[in-house]
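S.K.: What follows is a predicted structure for the sequence shown.
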Amino acid sequence: MTPPRCVLTLNSGSSSLKFAVYPIGASEPVLKGKAERIGLEGGLFQAVDAEGAQMAHEQRPLLDHAAALQRVLECARGAAQHSLVAVGHRVVRGGAEDADPQPVTPALLSRIRELIPYLPEHLPHQVAAIEAVERFDSSLTQVVCFDTAFHRTLPRIAQLYALPRDLLNDGILRYGFHGLSYEYVIGEFARLAGETAAHGRVVIAHLGNGCSMAAIRDGRSIDTTMGFTPTGGLMMSSRSGDLDPGVVVYLLEQKGFSAAELSDILNRRSGLAGVSGGSSDMRDLFAREATDPQAAEAIALFCYQARKFLGALAAVLGGLDALIFTAGIGENVPEIRRRICDGMGHLGLALDSRANDGNAPLISSKDASVSIRVIPTNEELMIARHTVSVISRMTR
Ligand code: ADP
């Protein structure tokens, strides 16, 4: 019997690389895993098969993304009596003309490379992953899926910053991110609640290590909290979110921080980690909340900001029909959902506390006018679907 043809999905972060192997047409992976602490001490490579059985658990140095990727490819091939035909990458942003998922070509890769100065936290690793796959096996078709694509429907007014015209013309605009997650979640919402519901006024709160919220109407993104880079908007595990721009000028001019130090402060030492003075992990913060006022303040600020952005996005939508929570915190932490929804009765939000405590799919109370849902995100499956449709278009 010929082995099923498979695609490998890659989602590269600054020090991690998530991957999954999907047989074409399947919605469950036959293998998935993560390389963590790439380039740092304590590298970890893990993979599980379709049944959740451990295929790899290795504490080993992962010198750089290329080394991690080599291990991922070995593991994917080892698990695959399956033949790997394509690799799909999550790429944070493409050029002005690049929105839809598309095959990697030298021209596309050079357009993405040109954007590295705009997105130095994310793009270098993603470009490195594409280059490494090409080096290891040039017979694999590579497809890129842009995380900004879902937000290309943002009205011009939602894209603009109040900056000098020449800077706007240079492309300093709101692009928005987490697009693969939003696309998956709104598709699931349509599947679960029907097309009519998914065409209503919807806010999705993607609360993971990175956090953002999006206002969606008629299934299209009309505003979102992240902007020019994924550092903006709602505070995150270690990113600051929105700031008075004067803070940045002050830190540069008066405190003498270099651009690299500033980036480190805003991307790695702020957010929950910064305000708590310790952990960036919501689980740790809850464990310390009762005894540590800084941890308590970090959680309180997170929920306060989420409420404020929810109100702003509801204003943009002209009201709210559905609020959907997703990603690590959104899917797993009832107490955060409760604190965000508390006091939002004026928008029609009311939780069913038992359903919320149980992370049920529908957590709003029966008589509430806004449905509140928990929908687990699946960026990997979204990448796999896009990759399969690109390669099938190519072979048609
Ligand atoms: P990433 O953006 O890296 O994919 P995740 O979506 O996995 O991140 O979200 C990570 C965050 O979710 C962390 O703050 C983690 O503490 C939190 N989280 C995940 N599961 C739980 C849980 N069961 N209880 C509390 N917090 C959780």
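M.R.: Yep, it's here. Residues are numbered from 1 along each chain as shown.
S.K.: Show me the strands in the stretch 1-150 of the chain, by range?
M.R.: 5-12, 17-23, 31-36, 44-49, 54-59, 83-91, 102-103, 141-146 (DSSP state E, counting those that start in this stretch).
S.K.: elements contacting the worst-scoring helix or strand of the chain on mean pLDDT?
M.R.: When the helices and strands of the chain are scored by mean pLDDT, DSSP states H and E, helix 65-79 comes last with a mean of 87. If you count contacts as 3 or more CB pairs under 8 Å, 6 or more residues apart in numbering; DSSP states H and E, helix 65-79 packs onto strand 5-12, strand 17-23, strand 31-36, strand 44-49, strand 54-59, helix 123-136. All C-beta atoms are positioned from the backbone trio N, CA, C, and that covers glycine.
S.K.: Could you point out the longest helix of the protein?
M.R.: Assignment by DSSP state H gives helix 293-317 as the longest helix of the chain.
S.K.: Not counting that one itself, show me its contacts.
M.R.: 158, 201-203, 205, 207, 211, 213-215, 217, 222-223, 225, 233-235, 241, 272, 275-279, 282, 284-286, 288-290, 320, 323, 336, 339-340, 343-344, 347 (CB atoms under 8 Å, 6 or more residues apart in numbering).
S.K.: circling back to that earlier point, to residue 90, which of the helices and strands packed on helix 65-79 lies closest?
M.R.: Closest approach to residue 90 among the helices and strands packed on helix 65-79 is made by strand 5-12 (4.5 Å; CB to CB).
S.K.: The least confident helix or strand of the chain vs helix 123-136, what angle?
M.R.: Calculated by axes from the mean of the first three to the mean of the last three CA atoms, to 10 degrees, helix 65-79 forms an angle of 50 degrees with helix 123-136.
S.K.: quick one: helix 65-79 to strand 31-36, angle?
M.R.: Inter-element angle recorded for helix 65-79 and strand 31-36: 160 degrees (by the same axes, to 10 degrees).
S.K.: Check what contacts helix 65-79 and list those residues.
M.R.: So helix 65-79 is contacted by 6, 8, 10, 12, 17, 19, 21, 30-31, 33, 35, 38-39, 43, 45, 47, 49, 55-56, 58, 62, 84, 125, 128-129, 131-133, 135-137 (CB under 8 Å, 6+ apart).
S.K.: what do you get for stretch 125-144?
M.R.: 8, 10, 12-14, 17, 64-66, 69-70, 73, 84-92, 94, 98, 101-104, 108-109, 112-113, 116, 386-387, 390-391, 394.
S.K.: would CSV of the helices and strands packed on helix 65-79 with distance to the ligand and mean neighbour count be doable?
M.R.: As requested, those are exported to CSV (distance: least, CB to the nearest ligand atom, whole Å; neighbours: other CB atoms under 10 Å):
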stretch, distance to the ligand, mean neighbour count
strand 5-12, 8, 26
strand 17-23, 8, 24
strand 31-36, 9, 22
strand 44-49, 14, 18
strand 54-59, 18, 13
helix 123-136, 14, 19
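S.K.: would you turn the ones you listed into JSON lines with mean pLDDT and distance to residue 381?
M.R.: Output for the helices and strands packed on helix 65-79, formatted as JSON lines (pLDDT from 0 to 100; distance: least, CB to CB, whole Å):
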{"stretch": "strand 5-12", "mean pLDDT": "94", "distance to residue 381": "8"}
{"stretch": "strand 17-23", "mean pLDDT": "95", "distance to residue 381": "7"}
{"stretch": "strand 31-36", "mean pLDDT": "94", "distance to residue 381": "10"}
{"stretch": "strand 44-49", "mean pLDDT": "94", "distance to residue 381": "16"}
{"stretch": "strand 54-59", "mean pLDDT": "92", "distance to residue 381": "19"}
{"stretch": "helix 123-136", "mean pLDDT": "92", "distance to residue 381": "19"}
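S.K.: could you redo the ones you listed as CSV and give each row distance to residue 170?
M.R.: Listed next are those as CSV, based on distance: least, CB to CB, whole Å:
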stretch, distance to residue 170
strand 5-12, 27
strand 17-23, 31
strand 31-36, 35
strand 44-49, 40
strand 54-59, 45
helix 123-136, 17
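S.K.: closest one to residue 185 among those?
M.R.: Ranking the helices and strands packed on helix 65-79 by proximity to residue 185 (CB to CB) places strand 5-12 first, at 15.9 Å.
S.K.: That closest one vs helix 65-79, what angle?
M.R.: 150 degrees.
S.K.: other SSEs contacting strand 5-12?
M.R.: Strand 5-12 packs on strand 17-23, helix 65-79, strand 83-91, helix 123-136, helix 379-395, going by 3+ CB pairs under 8 Å, 6+ apart.
S.K.: Next, the residues that contact that strand from outside, please.
M.R.: 17-24, 30, 65, 69, 72-73, 76, 80, 82-90, 125-126, 128-129, 133, 140, 379-380, 383-384, 387-388, 391.
S.K.: now that strand: how far from the chain's centre is it?
M.R.: 16 Å (CA atoms, centre = their mean, to the nearest Å).
S.K.: Could you do stretch 49-69 as well?
M.R.: 21 Å.
S.K.: What separation is there between the nearest residue to residue 353 once chain neighbours are set aside and the ligand?
M.R.: The shortest distance from residue 353 to any residue that is not its chain neighbour, by CB to CB, 6 or more residues apart in numbering, is 7.3 Å, and that residue is residue 338. To the ligand, residue 338 is 13 Å away according to CB to the nearest ligand atom, to the nearest Å.
S.K.: Give the burial count for residue 338, as a bare number.
M.R.: As a burial measure, residue 338 scores 15 neighbours (other CB atoms under 10 Å).
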